[in-house]
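S.K.: I would like the atomic coordinates for the input below:
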Amino acid sequence: MDSHPTSTTLAAILVGIAASTGSAAPPTSSAVGFDGEGDLGPAVPMLISEFRSLTPGGANAIAVSFDLEPGWHVYWPGQNTTGFPVDIILSLPEGISAGEEIWPTPERYELPGGILDHTFEDQVTVIIPIEVDERVESGRRVTIEAELDWLVCKDACLPGGAIATLEIDVAGGSQAPRRSRWADRFDTTRANVPEPLPTSDPAVTIGPDPTGVRITPNLSAVKRAGGSIDGMAFFPHQSGVTINDLIESGETRGGTPMRLALDRASDTPLRGVLQINRRGASPLRYWIDTPVPRN
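M.R.: Residues are numbered from 1 along each chain as shown. As a prediction, the model looks like this:
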């Protein structure tokens, strides 16, 4: 009989040692296609954690992160001409709940024939805040699953789907958890998440226009934030009022006001990301969620 321990036994020993020393075993991530195959094509997802363990009552975050082959892209939940966004359905253990998805700002992707989509290339990470009830047992290893559907496109489009799995410990003791090997992906997303538009000294004012809505840059406020304005882009969310002629109206140059053509009688709010591009500085990004202004 072989007296060497199996890989399963070794894993159990390592988890036991980690529990006894108060340190969490590293989280693990895997994904498999709906067909049971591991080859997921040009878009490969992972379900990851910002920290090496989950903390009951503390700040926790997981994410769905895609690595994309060169030239391929997936879609933001915006008003896209063609593609649909990544769909995420979580399965969570008892005592763990999820907040709203946090998406980074996309890029405009234009094609001949009036096609405009809002997309991500190379890599994209969608953050999901997680709450862990204080009654969840410390030292326990839990499994979180995400059912994912997506469309990935280059010269042609391919639908994709997978079950992504994250196995992670629930922290014990008073020590703050260490950040995981995936933490830089969370940092990249947060650096590109829009902020609420300030009510004091805002970078733009939003008012009515004969065609719908006028967004006027406050040049002095932009200058005080650093740099000078180089133009604006609006990325309308799929839950907001429909913007017409978005290729022309959704992007401006210099300090020109933006005029968005839409139905001013609509009760659906103006909702999306406004990006102010600056010379000599990174863009300013604001989340717009306001009723359609009327005279």
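
S.K.: I figured Arg294 was touching Pro208, is that so?
M.R.: Yes: counting by Cβ atoms under 8 Å, Arg294 sits close enough to Pro208 to count as a contact (5.8 Å). C-beta here means a position set from N, CA and C on the backbone, and glycine is covered the same way.

S.K.: quick one: common contacting residues for the two?
M.R.: Residues touching both Arg294 and Pro208 (Cβ atoms under 8 Å, 6 or more residues apart in numbering): Arg264.

S.K.: Could you confirm Ser266 falls within a strand?
M.R.: No: counting by DSSP: H, G, I helix; E, B strand; the rest coil, Ser266 is not found in a strand; it is coil.

S.K.: OK, contacts around it?
M.R.: With Cβ under 8 Å, 6+ apart, Ser266 has these contacts: Val241, Thr242, Val292.

S.K.: any idea how far Ile276 is from the last one?
M.R.: The one in question is Val292. Distance, Val292 to Ile276, by Cβ to Cβ, to the nearest Å: 21 Å.

S.K.: who has more neighbours, these two?
M.R.: Shown here are Val292 and Ile276; by other Cβ atoms under 10 Å, Ile276 has more neighbours (24 against 20).

S.K.: For stretch 225-240, which residues meet the burial criterion?
M.R.: Gly227, Ile229, Asp230, Gly231, Met232, Ala233, Phe234, Phe235, Pro236, His237, Gln238, Gly240 (16 or more other Cβ atoms under 10 Å).

S.K.: cool, and stretch 267-281?
M.R.: Within stretch 267-281, the residues scored as buried using 16+ other Cβ under 10 Å are Leu270, Gly272, Val273, Leu274, Gln275, Ile276, Asn277, Arg278.

S.K.: What average pLDDT does that stretch get?
M.R.: Mean pLDDT, computed over stretch 267-281, is 95.

S.K.: remind me which residues of the protein are low pLDDT?
M.R.: Where the chain drops to pLDDT under 70, the residues are 1-24, 36-38, 173-175.

S.K.: coming back round to it: quick one: mark the members of the buried residues of stretch 267-281 that sit in helices.
M.R.: Judged by DSSP state H, helices contain none of these.

S.K.: now the residues you listed in a markdown table, with distance to Gly57?
M.R.: As requested, the buried residues of stretch 267-281 are exported to a markdown table (distance: Cβ to Cβ, whole Å):
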| residue | distance to Gly57 |
| --- | --- |
| Leu270 | 37 |
| Gly272 | 34 |
| Val273 | 32 |
| Leu274 | 35 |
| Gln275 | 36 |
| Ile276 | 38 |
| Asn277 | 41 |
| Arg278 | 40 |
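
S.K.: what's the closest of these to Pro26?
M.R.: The closest of these to Pro26 turns out to be Val273 (Cβ to Cβ; 34.5 Å).

S.K.: From Val193, how far out is the closest one?
M.R.: From Val273 to Val193 the distance is 9 Å (Cβ to Cβ).

S.K.: got a list of what Phe120 touches?
M.R.: Residues near Phe120 by Cβ under 8 Å, 6+ apart: Phe66, Leu68, His73, Val74, Tyr75, Trp76, Pro104, Pro106, Glu107.

S.K.: Are we agreed that it is in a helix?
M.R.: No: Phe120: not assigned to a helix; according to three-state DSSP it is strand.

S.K.: Can you name the residues bridging to it?
M.R.: With DSSP bridges applied, Phe120 shows beta-bridge pairing to Val74.
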